[in-house]
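*Asks:* Provide a 3D model corresponding to the input given below.
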Amino acid sequence: LKAINNQLDPHFAFNLLSAISGFDWKRGDVSGMKSFLHDSVNLFRSQLLKSNEASVSISFELTFVQDFVRVQQFRKPDLNLILDIASDIDQGLHIPKTLIYTHVENAFKHGLSKKDGDAVIRVAIEYINNGLKILIEDNGIGRVEARRRKTVGTGTGMLALDEIMNLYSELYRTRIEQEI
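*Replies:* Numbers count the residues shown, from 1 in each chain. Predicted coordinates:
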């Protein structure tokens, strides 16, 4: 877990600092700046709080994602997050940490940050076939267009997520599948 965190923490910090540098500081919106910095600090605090854990509750992960989206909304005000969580979902249930966040971050970074107009990320969670199904979708520019525009990253977030999922599977003797 320590090795994974050594990859993930700098990746997360870089992405958060990137968001901060993208903020329009010349707007003169002091209240907005305070909100932006407050939400950024919350993200850092949450990341540090769970840095030694392989899993977090669904509730924790969704709150983390909401904080992330609020920070990104300062860069892209037309960004919206839709949470479509089935009423029978136990939000205390643990999932691999950053399972939802990593995909939401990638949706924003590669598909929505370069898109004109409304940008929507939808996270849906439901029980299906004795398992948990988590769906993350967006109305971004698409993978082909993202490649054409060269919005590729380092892949650090996805590599770290794969390692976290493998560790989680070993610790909790469960099977996790992901499809992109």
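
*Asks:* Which SSE is immediately downstream of the strand ranked longest in the chain?
*Replies:* Across the chain, the strand with the greatest residue count (assigned by DSSP state E) is strand 119-128. Per DSSP states H and E, the first helix or strand lying C-terminal to strand 119-128 is strand 131-138.

*Asks:* Other residues contacting the longest strand of the chain?
*Replies:* Defining contact as CB atoms under 8 Å, 6 or more residues apart in numbering, one finds that strand 119-128 is touched by 58, 62, 65, 69, 76, 78-86, 88-89, 100, 104, 107-108, 112-113, 132-140. For the C-beta atoms, the positions are set from N, CA and C on the backbone; glycine is no exception.

*Asks:* for the closest residue to residue 107 other than its chain neighbours, what are its contacts?
*Replies:* Sequence neighbours aside, residue 138 is the residue nearest to residue 107 in space, at 4.1 Å (criterion: CB to CB, 6 or more residues apart in numbering). By CB under 8 Å, 6+ apart, residue 138 lies in contact with 107-108, 111-112, 119-122.

*Asks:* quick revisit: can you list the strands that the longest strand of the chain pairs with?
*Replies:* If you go by DSSP bridges, strand 119-128 pairs up with strand 79-85 (parallel), strand 131-138 (antiparallel).

*Asks:* in that strand, what's buried?
*Replies:* Within strand 119-128, the residues scored as buried using 16 or more other CB atoms under 10 Å are 119-123, 125.

*Asks:* Also stretch 32-48?
*Replies:* Buried residues in stretch 32-48 (16+ other CB under 10 Å): 36, 39-40, 42-43, 46-47.

*Asks:* Over to stretch 101-118?
*Replies:* Going by 16+ other CB under 10 Å, stretch 101-118 has these buried residues: 101-115.

*Asks:* Of these, just say which sits nearest to residue 168.
*Replies:* Among these, residue 102 lies closest to residue 168 (CB to CB), at 13.2 Å.
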